[in-house]
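> Fold the following, please.
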Amino acid sequence: LRAFDERPAEERQALSTAFQSAAGEDSSSLDWGQLVIACNSLGLVPRSSTERREIDVICSEVASLGEVDLMGFAFEAVPRVRERLRELRRAALQQHFDSFDADSSGYLCEEECLAILKRLCAGNLDKDGLEQMQAAFHAVLLDALDPETREVSFEGFEVLVATAQEQCQRVVRDRSEDIRAQERLRSSDVEDLSDELIPMHDMFVRACACRPCAPTKGTLEARGLKSLLIEYGLLPAKGTAEQCLAVCGLPEGVSVSFKDFLAVLRRMRQIRRMEEAGKRRAMFDDVDRDGSGNLTMIEIFGLISGLGLGPTNRDEQIEMQGLISSIDADGSGELNAGEFEGLIQELEDRMRRKERTSLWALASDLGMSDWDVFVLREGFHALDLRCVGTLSMDSVRSLLNFLRMNLSSERLAEMFEQLDPARGSELDVKGFLRFVHMTKIDLRRLEGLLARGWTLEM
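Residues are numbered from 1 along each chain as shown. A predicted model of the protein is given here:
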């Protein structure tokens, strides 16, 4: 007990909270299953099947002689799990470290450490969670920095990242529990959405603030739901929000709660995945020429590159390796059809999340409001009749004509070339956002067109 009391107050609180949440109010010990839950609650969350197996083994060994009390959890299970996770993650973390250590000095400065921490730990948080993690980042970084050089060695960086990731997982847990309580969600309501729950709720709250037409506070009417379905790439090309509600068994005119939104989103994702399953299986079979039912990593990377989902930098390569490792459950170095489909789905979901994050960051840099972004997203959707994710010069010209804006053909071509030199005659959604900002398109007029159901076909 003395050794435990000598731990920092914050650490004692985290250990006690994780232990008690797994044990329950009337128990002072943990069995094997509860021990795994307690480790996860502390922030020691597995990222792959290998890590999950290792945590299970350690917890089984610790609990093999009987139920585990708080001291056994704090001084045996937790240190062993922490060390094993660091061992398993060391190679990937070394790659992250080396990618920032340009001069190969073996040290990183404070700014470089913060950049990596934000990339590794802050991807699925909302504003409140980010504020908590910002404070945590600086606190743990201060402990790791050499007081004279203000730099961090890899050994210190490894401890720094592990500590920050544990804290991040605890912040995610607490924020998720707050959202579940606030929105009265059951476990089934957030099934398969645990990693996305916080950013999805944040986006829902933003939409409620920008589309405050629903009769009940904290809900959306159909137009607001449409904005969110466009945001997540789930509104069919010629579909409506009302049709999506009907598919989910919700009546037209209903005030859409966050719980309703999650149900609609899950159903629309299921429909899209069923539509794409046949295409992915055909791709798999086309490459699986020997009919073994498995693809090698060389074949998989070839397919991924062909789909435009391949890594574009070293950090993405590291992420890709970790993702494949988590999906390759038996560690064979090959993927069967189901594992391949899961990989492609996860890569596409990650790509969409990165695109969303990048777009909102750009809008913030340009001084655009949330309302501006929702209107521009809807405008882009109305113009993208080909459903290819880009707009032609003719499409944008049509919009300008509807808005009665004068812009010469020469100037329009120059702007397209300036905004996207690689494509020249096409704009993606970020290019369109920059175009609107440069030309100062009246978004109130655009909103008026969209509110009347305007599309390029009209």
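
> Going by C-alpha atoms from here, please, whenever you check contacts or count neighbours.
Fine.

> quick one: low-confidence ranges for the stretch 101-250 of the chain?
Residue ranges of the stretch 101-250 of the chain with pLDDT under 70: 122, 212-215.

> Show me where it has its strands.
With DSSP state E, counting those that start in this stretch as the criterion, the stretch 101-250 of the chain has strands at 107-109, 151-153.

> Ok, which of these comes nearest R273?
Closest approach to R273 among these (CA to CA): strand 107-109, 42.5 Å.

> measure Q243 to M268 for me?
11 Å (CA to CA, to the nearest Å).

> Looking at these two, which is more packed in?
M268 (21 against 16; other CA atoms under 10 Å).

> picking that back up, minimum distance to T219: which of the strands of the stretch 101-250 of the chain has it?
Per CA to CA, nearest to T219 of the strands of the stretch 101-250 of the chain: strand 107-109, 45.4 Å.

> I'd like the strands of the stretch 101-250 of the chain laid out as a markdown table, including mean neighbour count and distance to L229.
Listed next are the strands of the stretch 101-250 of the chain as a markdown table, based on neighbours: other CA atoms under 10 Å; distance: least, CA to CA, whole Å:
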| stretch | mean neighbour count | distance to L229 |
| --- | --- | --- |
| strand 107-109 | 21 | 41 |
| strand 151-153 | 20 | 44 |
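
> just the helices in the stretch 1-150 of the chain please.
2-5, 9-23, 32-42, 49-62, 70-72, 78-100, 110-121, 127-144 (DSSP state H, counting those that start in this stretch).

> for these, which one ends up most surrounded?
helix 32-42 (a mean of 22; mean count of other CA atoms under 10 Å).

> For it, name the packing helices and strands.
Where contact means 3 or more CA pairs under 8 Å, 6 or more residues apart in numbering; DSSP states H and E, helix 32-42 is packed against helix 9-23, helix 49-62, helix 154-183.

> What's the mean pLDDT across that helix?
Mean per-residue pLDDT for helix 32-42: 94.

> what is the orientation angle of it with helix 154-183?
100 degrees (axes from the mean of the first three to the mean of the last three CA atoms, to 10 degrees).

> now helix 32-42 against helix 49-62, angle please.
Going by the same axes, to 10 degrees, helix 32-42 makes 120 degrees with helix 49-62.

> what comes into contact with helix 32-42?
14-15, 18-19, 21-23, 45-46, 55-56, 59-60, 62-64, 67-68, 73, 78, 81, 166, 169-170, 173 (CA atoms under 8 Å, 6 or more residues apart in numbering).

> how much distance is there from it to the middle of the chain?
The chain centroid and the centroid of helix 32-42 are separated by 24 Å under CA atoms, centre = their mean, to the nearest Å.

> Could you tell me the angle between that helix and helix 78-100?
40 degrees.

> and L309, what are its phi and psi?
The phi/psi pair for L309 (degrees, to the nearest 10) reads phi -110, psi 10.

> roughly how far apart are the residue lying closest to it once chain neighbours are set aside and H201?
Nearest residue to L309, sequence neighbours excluded (CA to CA, 6 or more residues apart in numbering): L347, at 6.7 Å. According to CA to CA, L347 and H201 sit 22 Å apart.

> same question, S395
In terms of CA to CA, S395 sits 33 Å off from H201.

> gap between the two ends of stretch 393-409?
First-to-last residue span, stretch 393-409, CA to CA: 9 Å.

> hmm, who's touching it?
383-384, 412-413, 416, 425-426, 445-446, 456.

> in stretch 340-359, what's buried?
In terms of neighbour count (16 or more other CA atoms under 10 Å), stretch 340-359 has its buried residues at 340-341, 343-345, 347, 353, 356, 359.

> typo on my end, it should be stretch 394-413
Buried residues in stretch 394-413 (16+ other CA under 10 Å): 395-397, 399-400, 412.

> quick one: average confidence on it?
90.

> who touches stretch 357-365?
Contacts of stretch 357-365 (CA under 8 Å, 6+ apart): 369, 373, 429-430, 433.

> what's the most distant pair in those?
S369 and V429 (16.0 Å).

> returning to that earlier point: can I get the helices of the stretch 1-150 of the chain in JSON lines including distance to L303?
Shown next, in JSON lines, are those (distance: least, CA to CA, whole Å):
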{"stretch": "helix 2-5", "distance to L303": "52"}
{"stretch": "helix 9-23", "distance to L303": "42"}
{"stretch": "helix 32-42", "distance to L303": "35"}
{"stretch": "helix 49-62", "distance to L303": "24"}
{"stretch": "helix 70-72", "distance to L303": "48"}
{"stretch": "helix 78-100", "distance to L303": "23"}
{"stretch": "helix 110-121", "distance to L303": "27"}
{"stretch": "helix 127-144", "distance to L303": "36"}
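
> Specify the stretch among these that is closest to K226.
The nearest among the helices of the stretch 1-150 of the chain, by CA to CA, is helix 127-144 at 23.4 Å.

> check contacts around R86.
The contact partners of R86, taken as CA under 8 Å, 6+ apart, are 158, 162.

> Relative to L160, how far out is it?
11 Å.

> Likewise for V171?
In terms of CA to CA, V171 sits 16 Å off from L160.

> okay, those two: which has more neighbours?
L160 (22 against 19).

> tell me the contacts of that one?
Contacts of L160 (CA under 8 Å, 6+ apart): 140-141, 144.

> make it 6 Å
Applying CA atoms under 6 Å, 6 or more residues apart in numbering to L160 gives no contacts.

> go on, the one 10 residues further on?
For R170, the set of contacting residues under the criterion of CA under 6 Å, 6+ apart consists of G43.

> if we can go back for a sec, which of the contacts of stretch 393-409 are buried?
383-384, 412, 416, 425-426, 446.

> Switch those over to CSV; also include distance to S104 and secondary structure.
CSV is the format used below for the buried ones among the contacts of stretch 393-409 (distance: CA to CA, whole Å; DSSP: H, G, I helix; E, B strand; the rest coil):
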residue, distance to S104, secondary structure
L383, 49, helix
D384, 47, coil
L412, 46, helix
F416, 40, helix
S425, 42, coil
E426, 41, strand
L446, 52, helix
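
> which of those lies closest to R2?
When the buried ones among the contacts of stretch 393-409 are compared against R2 (criterion: CA to CA), the nearest one is D384, at 65.9 Å.

> Please name the nearest non-neighbouring residue to that closest one.
Closest to D384 by CA to CA, 6+ apart is L391, at 5.9 Å.

> Quick check: bridge partners of the one you found?
Note on L391: beta-bridge partners by DSSP bridges are L427.

> tell me the contacts of it?
384, 426-427.

> Closest one to C248 out of those residues, please.
Top of the list for closeness to C248, among those and by CA to CA, is D384 at 25.5 Å.
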